[in-house]
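Participant: A predicted structure for the sequence below; I have some questions about it.
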Amino acid sequence: MPDKKTIEKARKDKRQGKSPSTQAGEFVHEEIEKVRRGEHGARSTKQAIAIGLSEARRAGVDLPPPKKGKVKESTRKSAEYAYEVGQGERTPKRRPKVSKAVSEVLEHEPKNTASHEALSRQTKRAASHRTAEERSAAAKKAGETKGPSGRSAAARKAAETRARKT
């Protein structure tokens with residue numbers, strides 16, 4: 001269950017007109033932090049991200065499930081179920097035994113899958129699957145949604161970083 005703070009951050013992102021994936025990012029970040037604190041583990045960085053996305057869908061973030069053929073059918077079905085729960089189209093069946101079993105399994109998974117190095121590797125791998133055009137478009141959109149003061153702050157930060165390198 002996500003924290004109230006996380007849900008509030010996601011709602012704030014929505015009010016600011018940010019994309020559903022940005023809103024879902026709050027839940028993913030919380031999940032990464034849970035793994036780092038040792039509340040539970042994850043077999044891979046991808047799994048930690050997937051858990052966060054599922055929680056986002058269940059919390060009502062308008063993040064549709066992946067299209068057919070993009071991911072395994074079982075993954076797509078799971079995402080579809082979580083999405084419908086979040087949109088109020090179905091009520092989730094409580095399954096305490098399954099929930100407990102999953103929690104116990106996750107407790108024994110490694111905790112280093114949420115390290116900075118592991119996340120960096122995952123990010124680079126994900127970016128390598130996108131074209132330069134797609135990456136450029138994402139960067140342009142990020143610049144637009146930042147707003148004037150945000151862009152100014154980012155430019156200052158970039159200038160400081162460049163100054164430190166020399």
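Facilitator: Alright, I've got the coordinates. Numbering: from 1, shown residues only.

Participant: Please compute how far the longest helix along the chain lies from its chain's middle.
Facilitator: If you go by DSSP state H, the chain has its longest helix at helix 132-165. Centroid displacement of helix 132-165 relative to its chain, using CA atoms, centre = their mean, to the nearest Å, is 21 Å.

Participant: got it, and stretch 156-166?
Facilitator: Remark: stretch 156-166 is offset 29 Å from the chain centroid, using CA atoms, centre = their mean.

Participant: Could you export it as PDB, CA atoms only?
Facilitator: Output of stretch 156-166 as PDB, limited to C-alpha atoms (Å, rounded to 0.1, in the frame of the first residue of the first chain):
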ATOM      1  CA  ARG A 156      22.200  27.300 -13.500                       C
ATOM      2  CA  LYS A 157      22.800  23.800 -12.300                       C
ATOM      3  CA  ALA A 158      24.300  22.700 -15.600                       C
ATOM      4  CA  ALA A 159      26.600  25.700 -15.600                       C
ATOM      5  CA  GLU A 160      27.800  24.900 -12.100                       C
ATOM      6  CA  THR A 161      28.400  21.300 -13.100                       C
ATOM      7  CA  ARG A 162      30.400  22.400 -16.200                       C
ATOM      8  CA  ALA A 163      32.500  24.800 -14.000                       C
ATOM      9  CA  ARG A 164      33.300  22.000 -11.500                       C
ATOM     10  CA  LYS A 165      34.600  19.700 -14.300                       C
ATOM     11  CA  THR A 166      37.300  22.100 -15.500                       C
END
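
Participant: which stretches of the chain form helices?
Facilitator: According to DSSP H, the helices that the chain contains are 4-15, 20-37, 45-58, 73-86, 96-107, 116-128, 132-165.

Participant: ok, P65 - how many residues close by?
Facilitator: 19 (other CB atoms under 10 Å). For glycine as for every other residue, the C-beta is placed from the backbone atoms N, C-alpha and C.

Participant: now swap in G25 and tell me
Facilitator: Number of residues near G25 (other CB under 10 Å) recorded here: 20.

Participant: What of the one 10 residues further on?
Facilitator: Burial of V35, expressed as a neighbour count using other CB under 10 Å, amounts to 25.

Participant: The helices of the chain: which one's closest to P64?
Facilitator: Judged by CB to CB, the one of the helices of the chain that comes nearest to P64 is helix 73-86, at 6.3 Å.
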